[in-house]
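[1] coords below, sequence missing:
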């Protein structure tokens, strides 16, 4: 008996939680109100806020209908809950049902866009063709202007992926695991070379669209929010240094907007169950922090991961603080004279704080009270900075300095 739409929505929205979503940050400003030179009469918007499903890097909450088209899959990847040998409950939407759900959820102000992924049914081209049809009909037939993110299929034809980029704001192709050896071992039906080839072709299309044409001097619209990727961490024995090194290579080679890390958790029914290497969610969080240091704070991967011989990040404290404790000779930093690059390395200073410090010190010498007014945690920074009226004296040399930042152990409560 065919499952109801509500039952399938419950199954396929839950199955989509294993796909790391991204927000609409980075796409073009496009709305249906007629402002900003856009034609009116469409549905949706890439701006604004609603029920929160994801956070943009600039802090906006955006809402996405995040579902799989189907959790049926012909592949048998050992780390995937939806692999062909898994006994999970299966469901499938038709393209018309995904379109209807997207429009109806938007009209009820539940969402601002669609995040669509899928298991592989029949073959890669058949699956990709249906996903493209959904995006095309939303844009062309229903004039939907909300955010659309499509998880593309690496082995799908270049023509289909190119068409997807005409209708989606962002495309993503999963790199799967940090190493090619890991992919070949745990997902033998997928081929790292094909994945990278598809990512390269997508980068080329995005770059071409960014160049104004000679005739109109206008840029084409092709995946304006770029491409991203996702890797499973903890399913194989790759160290954090290896994971971050792979990410750095992907950023450089394909100019990705984001690498998403998805913590692997052992699958209860798996005959191919894989070992859990480290506490998954904490490790995932530390990798995101380290990724941020590489992308926005000027840290090299080797600097971030040099603190431990096994190449793993410290799970107890954040990567910037761990680096600072390993490099005490570079501190304390004078907030009134230090350059931007060194200020960014101070634990507790974010990019906005550093920008505010550089601006404010043009007019006065800054004291610790000024940092407090910038909402900086004085407890975290006081050992690493000097300011007007403040010197940490020998605080930076304390043998127990790390213990001042480690969270106190908490008693577990048995319910």
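    That came through fine. The model shown is predicted, which means the values in this text are computed figures rather than measured ones. Numbering: from 1, shown residues only.

[2] Now do the phi/psi pair for the spatially most central residue of the chain.
    Nearest to the geometric centre of the chain sits residue 260, at 3.7 Å (CA atoms, centre = their mean). Phi and psi for residue 260, reported as degrees, to the nearest 10, are phi -100, psi 140.

[3] What is the neighbour count of residue 68?
    For residue 68, the count of nearby residues is 28 (other CB atoms under 10 Å). Quick note: C-beta positions are derived from backbone N, CA and C, even for glycine.

[4] so what's it closest to, chain neighbours aside?
    Spatial nearest neighbour of residue 68, chain neighbours left out: residue 12 (4.6 Å); criterion: CB to CB, 6 or more residues apart in numbering.

[5] So the one you found lies in a helix, does it not?
    Yes - counting by DSSP: H, G, I helix; E, B strand; the rest coil, residue 12 is found in a helix.

[6] re earlier: wait, doesn't the residue nearest to the centre of the chain sit right on residue 227?
    No - under the criterion of CB atoms under 8 Å, residue 260 is not in contact with residue 227, lying 11.7 Å apart.

[7] Distance from the lengthiest helix in the chain to the middle of the chain?
    Ranked by residue count, the top helix of the chain under DSSP state H comes out as helix 192-210. Distance of helix 192-210 from its chain centroid, counting by CA atoms, centre = their mean, to the nearest Å, is 19 Å.

[8] what does the next helix or strand after that helix rub up against?
    Of the helices and strands lying after helix 192-210 in sequence (DSSP states H and E), the nearest is strand 227-233. With contact meaning CB atoms under 8 Å, 6 or more residues apart in numbering, strand 227-233 is reached by 19-20, 22, 79, 170-178, 199, 202-203, 206, 243, 246-247, 250, 254, 256-264, 280, 283-284, 287.

[9] swap in stretch 363-382?
    321, 335-336, 346-349, 353, 356-357, 360, 385, 387-390, 392, 395, 404-405.

[10] make it 6 Å
    Under the contact criterion CB atoms under 6 Å, 6 or more residues apart in numbering, stretch 363-382 has outside partners 335-336, 347-348, 353, 356, 387-390.

[11] Then stretch 117-125?
    In this structure, residues lying in contact with stretch 117-125 by CB under 6 Å, 6+ apart are 19, 68-75, 82, 127, 151, 153, 155-157.

[12] among these, which ones are buried?
    If you count burial by 16 or more other CB atoms under 10 Å, the buried members of those come out as 19, 68-73, 82, 127, 151, 153, 155-156.

[13] quick one on the thing from earlier: buried ones in the longest helix of the chain, by neighbour count?
    Neighbour counts over helix 192-210 (16+ other CB under 10 Å) mark 192, 195-196, 198-199, 202-203, 205-206, 209 as buried.

[14] Take those residues and lay them out in a markdown table including pLDDT and distance to residue 376.
    Output for the buried residues of helix 192-210, formatted as a markdown table (pLDDT from 0 to 100; distance: CB to CB, whole Å):
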| residue | pLDDT | distance to residue 376 |
| --- | --- | --- |
| 192 | 94 | 43 |
| 195 | 94 | 42 |
| 196 | 94 | 42 |
| 198 | 93 | 44 |
| 199 | 95 | 39 |
| 202 | 94 | 40 |
| 203 | 94 | 38 |
| 205 | 93 | 43 |
| 206 | 92 | 38 |
| 209 | 86 | 41 |
